[in-house]
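Q: fold the stuff below for me.
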Amino acid sequence: MEDGYYRVMPVRPRDYHAARAWLGQLQGTLRTLDALHLAVAESAEAMTLTADKPTP
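A: Below you'll find the predicted structure:
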């Protein structure tokens, strides 16, 4: 965190609502905490990186 690679972001009610909506709409392997992390990142307009392989 000291090098600026990570930021602590607040989790707002809208983030919970977005994550819940995504979990209800998507079928697959999206997990609850992953959805919440992505919702917070989206609302903060933060860049996200992943090491996941794309699905065909």
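
Q: list the contacts for the residue nearest in space to the middle of the chain?
A: Centroid-nearest residue in the chain, with CA atoms, centre = their mean: L38, separated by 0.9 Å. L38 makes contacts with A19, W22, T48, as judged by CB atoms under 8 Å, 6 or more residues apart in numbering. (Each C-beta comes from the backbone N, C-alpha and C, glycine too.)

Q: what's the answer for M47, then?
A: So M47 contacts A41 (CB under 8 Å, 6+ apart).

Q: how close does it sit to D3?
A: 15 Å (CB to CB, to the nearest Å).

Q: can you check E45 too?
A: For E45, the distance to D3 - CB to CB - is 21 Å.

Q: before we move on, what about V40?
A: For V40, the distance to D3 - CB to CB - is 20 Å.

Q: looking at those two now, which is surrounded by more residues?
A: V40 (19 against 5; other CB atoms under 10 Å).

Q: so that one: helix, strand or coil?
A: Under DSSP: H, G, I helix; E, B strand; the rest coil, V40 falls in the helix class.

Q: hang on, it packs against D15?
A: Yes - under the criterion of CB atoms under 8 Å, V40 makes contact with D15 at 4.9 Å.

Q: element containing the closest residue to L23 other than its chain neighbours, please.
A: Spatial nearest neighbour of L23, chain neighbours left out: A35 (5.3 Å); criterion: CB to CB, 6 or more residues apart in numbering. Assessed by DSSP states H and E, A35 sits inside helix 32-43.

Q: which pLDDT value goes with G28?
A: In this model, G28 is scored at 78, pLDDT.

Q: also A46?
A: A46 is assigned 86 on the pLDDT scale.

Q: again, but for T55
A: As predicted, T55 sits at a pLDDT of 67.

Q: likewise for L36?
A: Taking L36 on its own, its pLDDT is 95.

Q: residue ranges for the helices of this structure, please.
A: Applying DSSP state H to the chain gives helices spanning 13-25, 32-43.

Q: could you find the closest non-adjacent residue to R7?
A: Per CB to CB, 6+ apart, closest to R7 is A46, 7.1 Å.

Q: hmm, back to that, give me the number of residues near the residue nearest to L23?
A: 20.
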